[in-house]
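A.B. asks: fold the following for me, if possible:
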Amino acid sequence: MYKNFIDKWLSSDKIDEEYKNELRDLDEKELEDRFYKELEFGTGGLRGVIGSGFNRMNIYTVGKVTQGYANFLNDYYGKDISVAIAYDSRIKSDEFAKRAALIFAANNIKVYLYESLRPTPMLSFVLRHLKCKGGVVLTASHNPKEYNGYKVYGEDGGQLTDELAQKVYEYICKVNIFDDVKIIDEKTALSLSKLQYIGEDVDKVYIDKVKELVIRKDLVRENASDLNIIYTPLHGSGYKPVTRVLDELGYRNLKIVEEQKEPNGNFPTVPYPNPELESVFELSVKLAKENNSDIALATDPDCDRVGVVAKDRYGNYKLLNGNQIGLLLSEYILMSLKEKNKLPSNGVIIKTIVTTELIKNICDAYNVEFMDVLTGFKYIGEKIKEFEKTGDKKYIFGFEESYGYLVGDFVRDKDAVIAVNIIVEMALYYKKIGKTLNCALEEIYQQYGFSTEDLISIELKGKEGQEKISNCLQNLRTMNLNIVGNGKIFKIQDYKLRVEKNLITGLTNSIDLPISNVIKVLFENGSWFAIRPSGTEPKMKIYISVRTKERESLIPRLNSFKQDVLDLVDKCMG
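C.D. replies: Predicted coordinates:
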């Protein structure tokens, strides 16, 4: 069947010759992978390897999705529709962004296109600021350089959630990639006022709102220059907004990793531009040691996630994981708001289901509600919208283990510009009272209990890999699990079936969250693991967490538990 699609691609006069030539020297297996399916449109949009074919990111797959989204917007809203588009430093991001803009314009939709690369959260902000009905960001976040992606946003500034994404997907499916895509040229779009470039005027509004989020304003105003900071944008879009915020707040002792300062989609200094990885901090730590810096920060290419390296009690630089940063920020924000008598009585902190459970203890200590949502920051954004509508709850902070954080509600997606602002304020606060971030984290563990987490990503490429992931989860669902290793199971939560089973009482409860292909297994000793397919990469993700009363037993228990879980997964994959 896929061979027919190859023939159509090669014979179509709508496909440029360079895209046809790319296919002619490929082997059979590679051709099958490029045409056995279309690049999947999920709740986050598209993401895939750049190249020729239906199962790749190129101007034609971008064109089909844009035309489908344009058709949806025209039918859903009728008239006076506008969209905004942003893009990062990835290969072809600017080309794909321009292509999408000219397709929207051809469909009588006004387009606000950023004049140059911008972080993803700035797109989320501008949608509500300019009262757009939708938006697009061209980025593949932290994926390898071969990837690009197309994130779709709604009028609320958040990524499309399940119901709307399904409707858009239905429109996309009706678009013929060769014959149905409308496009006009840039000159015509500008003359018809269907294309408008945006820049500094909107940037300033966003930057000012980020600065307003500072909690201890006196502390920052009087002492910002006392904190020694290293920052790297990892060749991405974060350099200008992040450094502008820090400079305008008075953080004068800021040094940039020059080798990683300029945008570059090939990411020449790192194999994988992911701030979760210790390896991307090699140049940052070297610079930090030379300058005796307090903290080093790295944002990913589209600047919606941030990683942190900070000194420990011995003066060594140590990478904090996403859960640890989330715990530190939660404690700092709640503590600071309480001290200033600004902690709302109806406040809520939100996390995803694969993020640390220790946050519950912190929320309980401050009498703040804690809430779980599915994996994906769009679900946190959806809750902010819900709180805004009902007025019965006040959003304080949201985070996920994959280094995404959000304070404030003028952005509806994770935001590394905002996160950097609050992280450096927190580091400054602790420095002024003689503590490092690692010391503050140790105090959190001493007060609330010791916890550690790990993430295992198993890469399973192509059609065969997808089948293995599917089989593993299905086998796990049908197994009669009671014990894994030496751990007795307490609950099994199946988010695809939306059912939670308590193995102690035998009772079954429904899960009041949207359907998602995730299984989470909780143990009597406080440990848990969760398994899900990645929504953006050909990987199966396994999240692992253990709890202990003594620090000394934490890592041995983690290693033992991890092996037990991997043995189970191996058995499920056959």
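
A.B. asks: who's in contact with residue 322?
C.D. replies: Neighbour list for residue 322: 276, 355, 399-404 [criterion: C-beta atoms under 8 Å, 6 or more residues apart in numbering]. (C-beta placed from N, C-alpha, C; glycine too.)

A.B. asks: tell me which residues of the helix or strand hosting residue 187 come out buried.
C.D. replies: Element membership for residue 187, per DSSP states H and E: helix 186-191. With burial defined by 16 or more other C-beta atoms under 10 Å, the residues of helix 186-191 counted as buried are residue 189.

A.B. asks: for stretch 327-344, same thing?
C.D. replies: 327-337, 343.

A.B. asks: grab the nearest non-local neighbour of residue 484.
C.D. replies: residue 564 (5.2 Å; C-beta to C-beta, 6 or more residues apart in numbering).

A.B. asks: so the one you found belongs to a helix, correct?
C.D. replies: Yes - assessed by DSSP: H, G, I helix; E, B strand; the rest coil, residue 564 belongs to a helix.

A.B. asks: what pLDDT does it get?
C.D. replies: Here, the pLDDT recorded for residue 564 equals 92.

A.B. asks: residues contacting it?
C.D. replies: By C-beta under 8 Å, 6+ apart, the neighbours of residue 564 are 484-487.

A.B. asks: picking that back up, now render the contacts of residue 322 as CSV, adding secondary structure.
C.D. replies: Shown next, in CSV, are the contacts of residue 322 (three-state DSSP):
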residue, secondary structure
276, coil
355, coil
399, strand
400, strand
401, coil
402, coil
403, coil
404, strand
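
A.B. asks: list just the nearest of the residues you listed to residue 132.
C.D. replies: Of all the contacts of residue 322, residue 132 sits closest to residue 404, with 22.7 Å by C-beta to C-beta.

A.B. asks: bridging residues for that closest one?
C.D. replies: Beta-bridge partners recorded for residue 404 (DSSP bridges): residue 400.

A.B. asks: residue contacts, it?
C.D. replies: Taking C-beta under 8 Å, 6+ apart, we find residue 404 in contact with 304-305, 322, 377, 414.

A.B. asks: give me the pLDDT for it.
C.D. replies: Residue 404 is given a pLDDT of 97.

A.B. asks: same check, this time on residue 480
C.D. replies: 83.

A.B. asks: that one - how many residues pack around it?
C.D. replies: The tally of other residues near residue 480 (other C-beta atoms under 10 Å) stands at 4.

A.B. asks: wait, is it part of a helix?
C.D. replies: No - using three-state DSSP, the assignment for residue 480 is coil, not a helix.

A.B. asks: quick one, domains of the protein?
C.D. replies: Per automatic domain parsing, the domain ranges recorded for the chain read 2-197, 206-448, 450-573.

A.B. asks: got the end-to-end distance for the first one?
C.D. replies: Between the start and the finish of domain 2-197 there is a gap of 40 Å, counting by C-alpha to C-alpha, to the nearest Å.

A.B. asks: what's the offset of that domain from the middle of its chain?
C.D. replies: Centroid displacement of domain 2-197 relative to its chain, using C-alpha atoms, centre = their mean, to the nearest Å, is 19 Å.

A.B. asks: show me the shaky parts of the chain.
C.D. replies: In the predicted model of the chain, residues 43, 536, 574 satisfy pLDDT under 70.

A.B. asks: can you lay out the contacts of residue 564 as TSV showing secondary structure and neighbour count?
C.D. replies: Converted to TSV, those look like this (DSSP: H, G, I helix; E, B strand; the rest coil; neighbours: other C-beta atoms under 10 Å):
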residue	secondary structure	neighbour count
484	strand	17
485	coil	15
486	coil	11
487	strand	22
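
A.B. asks: so which elements touch the helix holding residue 187?
C.D. replies: Where contact means 3 or more C-beta pairs under 8 Å, 6 or more residues apart in numbering; DSSP states H and E, helix 186-191 is packed against helix 93-106.

A.B. asks: okay, now residue 178: neighbour count?
C.D. replies: 16.

A.B. asks: revised request: answer the last question for residue 556.
C.D. replies: 11.

A.B. asks: tell me how far it lies from residue 566.
C.D. replies: 16 Å (C-beta to C-beta, to the nearest Å).

A.B. asks: quick one on the thing from earlier: neighbour-wise, which one of the contacts of residue 404 leads?
C.D. replies: residue 304 (35 neighbours).

A.B. asks: any figure for the gap between that residue and residue 417?
C.D. replies: 9 Å.

A.B. asks: please enumerate the shared neighbours of these two.
C.D. replies: 119, 121.

A.B. asks: what about stretch 24-42, start to end distance?
C.D. replies: Taking C-alpha to C-alpha, the first and last residues of stretch 24-42 lie 30 Å apart.

A.B. asks: now the residue nearest to residue 484: how far from residue 99?
C.D. replies: 49 Å.

A.B. asks: ok, now residue 396?
C.D. replies: With distances taken as C-beta to C-beta, residue 396 is found 40 Å from residue 99.

A.B. asks: residue 440 now?
C.D. replies: Using C-beta to C-beta, one gets 47 Å for the distance from residue 440 to residue 99.

A.B. asks: check which helix or strand the nearest residue to residue 272 once chain neighbours are set aside maps to.
C.D. replies: Using C-beta to C-beta, 6+ apart and skipping residues adjacent in sequence, the residue nearest residue 272 is residue 144, 5.6 Å away. Under DSSP H and E, no helix or strand contains residue 144.

A.B. asks: same thing with residue 490?
C.D. replies: Short version, using DSSP H and E: residue 490 is in strand 487-494.

A.B. asks: can I get that strand in CSV? Just the C-alpha atoms.
C.D. replies: The C-alpha coordinates for strand 487-494 follow below in CSV (Å, rounded to 0.1, in the frame of the first residue of the first chain):
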residue,chain,number,x,y,z
GLY,A,487,7.0,-4.5,46.8
LYS,A,488,3.3,-5.1,47.5
ILE,A,489,1.0,-3.2,45.2
PHE,A,490,-1.5,-0.8,46.8
LYS,A,491,-3.3,0.6,43.7
ILE,A,492,-3.2,0.3,39.9
GLN,A,493,-4.4,3.3,38.0
ASP,A,494,-5.3,2.8,34.3
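
A.B. asks: confirm that residue 370 sits in a strand.
C.D. replies: Yes - the assignment for residue 370, made by three-state DSSP, places it in a strand.

A.B. asks: any idea how far it is from residue 399?
C.D. replies: On the measure of C-beta to C-beta, residue 370 and residue 399 end up 12 Å apart.

A.B. asks: likewise residue 276?
C.D. replies: Noted for residue 276: a distance of 14 Å to residue 399, by C-beta to C-beta.

A.B. asks: so those two - more neighbours on which side?
C.D. replies: residue 399 (28 against 18).

A.B. asks: burial of residue 505, as a residue count?
C.D. replies: Residue 505, neighbours per other C-beta under 10 Å, totals 9.

A.B. asks: same question, the one 3 residues further on
C.D. replies: Residues within reach of residue 508, counting by other C-beta under 10 Å, total 10.

A.B. asks: which one is it nearest to, not counting chain neighbours?
C.D. replies: Distances taken as C-beta to C-beta, 6+ apart put residue 501 closest to residue 508, at 5.0 Å, once the chain neighbours are dropped.

A.B. asks: ranges for the helices of the stretch 201-350 of the chain?
C.D. replies: For the stretch 201-350 of the chain, the helices defined by DSSP state H, counting those that start in this stretch occupy 217-223, 239-248, 282-291, 322-339.

A.B. asks: and the contacts of the shortest one?
C.D. replies: Spelled out, that is helix 217-223. Here helix 217-223 makes contact (C-beta under 8 Å, 6+ apart) with 214, 249-250, 425, 428-429, 432.

A.B. asks: so residue 406, which of the three states?
C.D. replies: Residue 406 ends up strand, using three-state DSSP.

A.B. asks: any idea how far residue 14 is from it?
C.D. replies: 41 Å.

A.B. asks: what do you get for residue 387?
C.D. replies: Relative to residue 14, and taking C-beta to C-beta, residue 387 is found at 46 Å.
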